[in-house]
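Enquirer: Here is a sequence together with a model predicted from it:
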Amino acid sequence: LNEGLILLANNKQVESKISGSKSVILTAVICGILLVGVIVWAAFTKSANDIKNKVAMTVGETEISGAEFEYQYKDSILTFQNQYQDYLSAFGVDFEGDLGAQQYTEDQTWKEYFISNAVAALTERYLFLNDAEEAGYTLPEDEKKAVLDEAESLKEALTSMGIDFNAYLKSIYTKDLTYSAFKNYTL
């Protein structure tokens, strides 16, 4: 009987050690998975931030940041949606889905279409601005004020409805868009 109790006690100790080892291994595995997840998240976040701060394209001597390019890309989508709002279903584009996986034409996806629109708009804008600058032309203060007043009116209207303007900009365009950058992009 004593041998049976000793054997039973030894089995309990072994089971306890195995159970403890399993807990340590499980904890180590979970910590490892979390660590890998944090490293991947940090690398992705750094990569995304690097893209925003890098030059997306150049027009003449002007370098266009990734943040400005993303703003223009989203603006080309919004412009399209507003312009063709009554006919969107006829185009067969799902704006909630992956635009890169949806064909616009046989040779171009919707994402490529909107990217080309953004490139064209930025090219036109900066060629015009560069030409104007070379010719010594500057936007008259009253025209600058009109553009800035329009941005401020939009901000005030949203604020009066209880909508944070910066949150609005981030949700519509990009998480990195600030009111100051928005004003610069619209001038």
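Expert: Thanks, I have the structure now.

Enquirer: C-alpha from now on. contacts and neighbour counts both.
Expert: Will do.

Enquirer: Surely residue 104 forms part of a helix?
Expert: No. With DSSP: H, G, I helix; E, B strand; the rest coil as the criterion, residue 104 is strand rather than part of a helix.

Enquirer: any idea how far the nearest residue to it once chain neighbours are set aside lies from residue 90?
Expert: Excluding its sequence neighbours, the residue lying closest to residue 104 (CA to CA, 6 or more residues apart in numbering) is residue 110, at 4.9 Å. Plainly put, residue 110 is 14 Å away from residue 90 if you go by CA to CA, to the nearest Å.

Enquirer: ditto for residue 127
Expert: Distance, residue 127 to residue 90, using CA to CA: 34 Å.

Enquirer: for residue 137, same thing?
Expert: Noted for residue 137: a distance of 43 Å to residue 90, by CA to CA.

Enquirer: List the residue ranges of this protein that fall below the pLDDT cut-off.
Expert: Applying pLDDT under 70 to the chain flags the ranges 1-52.

Enquirer: Which stretches in it count as strands?
Expert: With DSSP state E, the ranges of strands along the chain come out as 55-59, 62-65, 103-105, 108-109.

Enquirer: For my notes, please list the ones you listed in TSV and give distance to residue 81 for each entry.
Expert: Converted to TSV, these look like this (distance: least, CA to CA, whole Å):
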stretch	distance to residue 81
strand 55-59	24
strand 62-65	24
strand 103-105	14
strand 108-109	16
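
Enquirer: quick one: which of these is nearest residue 85?
Expert: The closest approach between residue 85 and any of the strands of the chain, judged by CA to CA, belongs to strand 103-105 at 16.7 Å.

Enquirer: hang on, the earlier thing: compare residue 110 and residue 90 and say which is more crowded by neighbours.
Expert: Taking neighbours as other CA atoms under 10 Å, residue 110 and residue 90 compare with residue 110 leading, 20 against 8.

Enquirer: for that one, what are its contacts?
Expert: Counting by CA atoms under 8 Å, 6 or more residues apart in numbering, residue 110 touches 93, 99-104.

Enquirer: Any of the residues you listed buried? List them.
Expert: Applying 16 or more other CA atoms under 10 Å to those, the neighbour count classes 99, 102-104 as buried.

Enquirer: Just the closest of these to residue 155, please.
Expert: Of the buried ones among the contacts of residue 110, the one sitting nearest to residue 155 (CA to CA) turns out to be residue 99, at 29.3 Å.

Enquirer: Now the closest one. Nearest residue, chain neighbours left out?
Expert: Leaving aside its sequence neighbours, residue 99 sits nearest to residue 111 (CA to CA, 6+ apart; 4.8 Å).
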